[in-house]
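>>> model this:
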Amino acid sequence: MQTNCCRCGQPMECMVHDIENCACTKIVLSPATRDFLTKTYFSDCLCNKCLEALEDFVKYAGNFSLPQKNEPLEEGLHFYIEGSHFIFTELYHYLKGKCCNNGCRHCVYGFKTGLSK
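Just a heads-up that it's a prediction; the model follows:
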C-alpha cells in the first residue's frame, strides 16, 4: 500500500499485510532502537531512511548520559540559545528517556500537540 512515512512524510510502500516482503525487514535495528520506538508517538510505518537514521541516532546517543542534578547541561549538546530562549536538542530529549508531551521543537519521540498515545 502506498503511504507516507509518519516521521519524514516521504512517500513509501508499506506492506504491513505482507510483512515478510516489506522493505523494512531489511533494516536491522538494535534492541535499544526497538525499545526507543516503543516510547514514540509515530502512529504508522517509518521509511527505511528514517529507521536507519534512528538506529544511528540511538547508537550516537549511547555515548552520552543525562547530566545528574548538580552537573551542568552542555550548550550545543543538550541545548542552544535562541534569543532569550533555551531550546533543548533531540539528544537531550532522548536522554530524558520519555516524552514530556509539550510539543517541543526537537521532540525525538514524534509528539505533536493534540495527539495522545
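
>>> tell me how far Ile81 lies from Leu73.
11 Å (Cβ to Cβ, to the nearest Å). In this view, the C-beta of every residue, glycine as well, is placed from N, C-alpha and C.

>>> these two - which one has more neighbours?
The residue with more neighbours, out of Ile81 and Leu73, is Leu73; 13 against 10, by other Cβ atoms under 10 Å.

>>> and Ala53, which of the three is it?
helix (DSSP: H, G, I helix; E, B strand; the rest coil).

>>> how is this protein divided into domains?
With domains defined by automatic domain parsing, the chain comprises 1-63, 68-117.

>>> now render the ones you listed as a markdown table, adding mean pLDDT.
A markdown table is the format used below for the domains of the chain (pLDDT from 0 to 100):
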| stretch | mean pLDDT |
| --- | --- |
| domain 1-63 | 92 |
| domain 68-117 | 89 |
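
>>> just give the nearest non-adjacent residue to the spatially most central residue of the chain, would you?
The structure's the chain has its C-alpha centroid closest to Val108; by Cα atoms, centre = their mean the separation is 3.6 Å. Counting by Cβ to Cβ, 6 or more residues apart in numbering, Val108 lies nearest to Glu90, which is 4.3 Å off, once chain neighbours are set aside.

>>> ok, Phe42 touching Arg7?
Yes: applying Cβ atoms under 8 Å as the test, Phe42 and Arg7 come out as touching, 5.9 Å apart.

>>> give the residues shared as contacts by these two.
Gly110 (Cβ atoms under 8 Å, 6 or more residues apart in numbering).

>>> would you mind confirming that Ile81 is in contact with Ile87?
Yes: contact between Ile81 and Ile87 holds when scored by Cβ under 8 Å: they sit 7.3 Å apart.

>>> any shared contact partners between these two?
In contact with both Ile81 and Ile87: no residue, using Cβ under 8 Å, 6+ apart.

>>> identify the residues contacting the most far-flung residue of the chain relative to its centre.
No residue in the chain sits farther from the centre than Asn70, which is 27.0 Å out by Cα atoms, centre = their mean. Applying Cβ under 8 Å, 6+ apart to Asn70 gives no contacts.
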